[in-house]
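Student: give the three-dimensional model of this entry:
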Amino acid sequence: MVDFDDFADFIKEGDVKFIRLSFVDLMGRQKNVSVMADDFEKHLSDGVVIEGKGAGFPSEAEIRLVPDMGTVHILPWRPQHGRVARFLSSLQTVSGKSFPLDARKVLSDTVAFLKEQGFTSEIGTDSEFYLFQLDQNGDPTFVTQDKAGAYDIAPLDRGENVRREICLTMEEIGISPLSSHHEQGPGQNEITFVERTPLEACDNYVIFKSVVKAIASRNGLFASFMPKPLPNEHGNGLTINFDLRKGKKSVFADETQSAVAEAFVAGIRRRARECALFAHSVPSSYDRLATYKQITAIAIDEKRDSFMRYTNKQGGKKLALRAPDNACNLYLTVALALRAGLEGIKEGLTANDVKAASVPASFEEAVKEAENSAFLKEVLGETLLSAYVAEKKKVAEEYEKDADGYTKKEFERL
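Tutor: Numbers count the residues shown, from 1 in each chain. Next up, the predicted model:
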């Protein structure tokens with residue numbers, strides 16, 4: 001936590017003139033409002049009130065942004081004279097109550113529930129994205145930055161300097177990448193991050209995506225996290241690496257707790273179809289999944305392209321969920337996985353208790369699965385679930401009317 005008096009000194013000494021209060025909307029898209037640094041103390045106590053619908057929420061109600069002092073960082077790519085600092089924010093109603101559509105609060109509550117059950121968790125991400133060239137008007141094209149493949153080096157790999165700049169920028173902010181490399185698709189890259197607490201990991205991921213976009217733009221490129229931006233090339237995935245501990249011991253690494261690990265995995269498998277609309281949240285998600293037969297089977301397997309598998313990260317055994325993609329609201333996706341796993345532990349599920357199943361074959365099918373889920377209603381609350389499903393139904397209608405038009409908008413947005 002940053003002490004305000006210390007931050008006030010930093011504002012003066014560091015020539016900070018602008019403060020951005022960032023937040024994520026229901027779909028996981030980052031938004032922000034900027035205030036002058038001289039007025040920040042007032043905003044810290046009172047928050048900043050914004051109009052909900054204009055901020056990406058299906059409500060006309062006003063929302064109060066309350067900055068989390070522990071998330072402050074300077075934006076290194078902004079001018080160094082009259083610098084810009086950014087906070088991530090919690091959402092409240094104007095009366096000071098928790099806002100029911102605050103995904104960050106859903107995850108925070110899940111972490112607290114996890115602790116009540118005697119567990120802690122850490123999360124890491126492996127995020128893939130494409131780098132595309134811009135046209136003469138500065139608009140994104142579908143021409144990739146290079147034609148390299150997995151783990152290639154320069155000169156085939158033209159993205160190494162961009163990845164280097166992204167990683168150094170993240171370090172400057174205080175977030176440490178674990179590794180980076182060129183991925184399988186032309187112009188495709190991957191950056192992996194060390195495990196952090198679930199809330200920290202999701203906060204870092206939100207910041208990471210904005211850094212990638214900013215650094216790509218500064219280099220005359222467009223970064224796309226769209227699940228399937230090129231029909232005949234590899235899609236962009238988001239592997240989520242889970243560690244789950246009972247006390248100081250990981251349930252995945254300790255053979256004496258293998259039954260706990262099995263139950264956790266079984267719980268995730270049992271609820272995977274219901275949660276698909278959150279982990280695979282746009283029509284393009286299902287275009288990506290359709291090209292990976294192994295990943296659509298909701299099972300744990302040693303194969304790299306399985307729905308989930310055990311892997312070794314940072315010297316320890318972790319559970320990797322490989323099916324999600326970068327279009328998801330990571331706060332909600334992680335919260336749902338943890339809740340489903342804990343439910344499996346509570347009920348003592350085994351692998352044989354879960355029927356074989358596959359990820360929904362289409363976006364529309366995923367919408368129906370989510371809409372009818374008692375589990376989602378219990379974890380997320382009826383207000384959030386209803387709002388989320390309603391927005392996704394609008395997407396389904398728009399996509400059905402004009403698939404190409406929606407896909408283009410999705411490409412430019414993601």
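Student: how close does the residue positioned nearest the centre of the chain get to residue 261?
Tutor: By CA atoms, centre = their mean, the mean C-alpha position of the chain lies nearest to residue 330, the distance being 3.2 Å. Going from residue 330 to residue 261 by CB to CB, to the nearest Å gives 23 Å. C-beta here means a position set from N, CA and C on the backbone, and glycine is covered the same way.
Student: where do the strands sit along the stretch 101-250 of the chain?
Tutor: Secondary structure of the stretch 101-250 of the chain, counting by DSSP state E, counting those that start in this stretch: strands at 119-134, 140-144, 177-182, 188-193, 221-224, 238-246, 249-250.
Student: can you spell out which helices and strands pack onto the longest one?
Tutor: For strand 119-134, the contact count by 3 or more CB pairs under 8 Å, 6 or more residues apart in numbering; DSSP states H and E identifies helix 103-116, strand 140-144, strand 188-193, helix 198-218, strand 221-224, strand 238-246, helix 330-347 as packing neighbours.
Student: list the buried ones in the fourth one?
Tutor: Buried residues in helix 198-218, defined by neighbour count with 16 or more other CB atoms under 10 Å: 198-199, 201-209, 211-216.
Student: wait, what's in contact with the closest residue to residue 240 other than its chain neighbours?
Tutor: Residue nearest to residue 240 in three dimensions, not counting chain neighbours: residue 321, with 4.5 Å by CB to CB, 6 or more residues apart in numbering. Residues in contact with residue 321, defined by CB atoms under 8 Å, 6 or more residues apart in numbering, are 239-242, 268, 279, 307-308, 337.
Student: what's the pLDDT at residue 321?
Tutor: In this model, residue 321 is scored at 96, pLDDT.
Student: cool, residue 83 as well?
Tutor: The pLDDT attached to residue 83 in the predicted structure is 81.
Student: surely it meets residue 15?
Tutor: Yes - the criterion here is CB atoms under 8 Å, and residue 83 meets it with residue 15 at 5.5 Å.
Student: of those two, who's got more company?
Tutor: A direct count of neighbours by other CB atoms under 10 Å for residue 83 and residue 15 places residue 83 higher, at 18 against 13.
Student: the more buried one and residue 74, how far apart?
Tutor: For residue 83, the distance to residue 74 under the criterion CB to CB works out to 6 Å.
Student: same thing with residue 338?
Tutor: Here the criterion is CB to CB. By it, residue 338 lies 32 Å from residue 74.
Student: who's more crowded, these two?
Tutor: residue 338 (25 against 17).
Student: could you give the mean pLDDT of stretch 394-401?
Tutor: Model confidence over stretch 394-401 averages 95 on the pLDDT scale.
Student: residues making contact with stretch 31-42?
Tutor: By CB under 8 Å, 6+ apart, the residues outside stretch 31-42 that reach it are 4, 8, 11, 16-25, 43, 48, 50, 55-56, 65, 84-86.
Student: so where is the chain shaky, pLDDT-wise?
Tutor: 1-7, 10, 13-14, 43-45, 60, 78-81, 255-257, 314-315 (pLDDT under 70).
Student: per-domain residue ranges of it.
Tutor: Per the record's domain assignment (automatic domain parsing), the chain is made up of the domains 4-101, 109-413.
Student: of these, which stretch is the most buried?
Tutor: By mean neighbour count, with neighbours taken as mean count of other CB atoms under 10 Å, domain 109-413 ranks first of the domains of the chain at a mean of 19.
Student: for that one, measure first residue to last.
Tutor: Start and end residues of domain 109-413 are separated by 29 Å (CA to CA, to the nearest Å).
Student: got it, and stretch 349-361?
Tutor: For stretch 349-361, the separation between the terminal residues is 26 Å (CA to CA).
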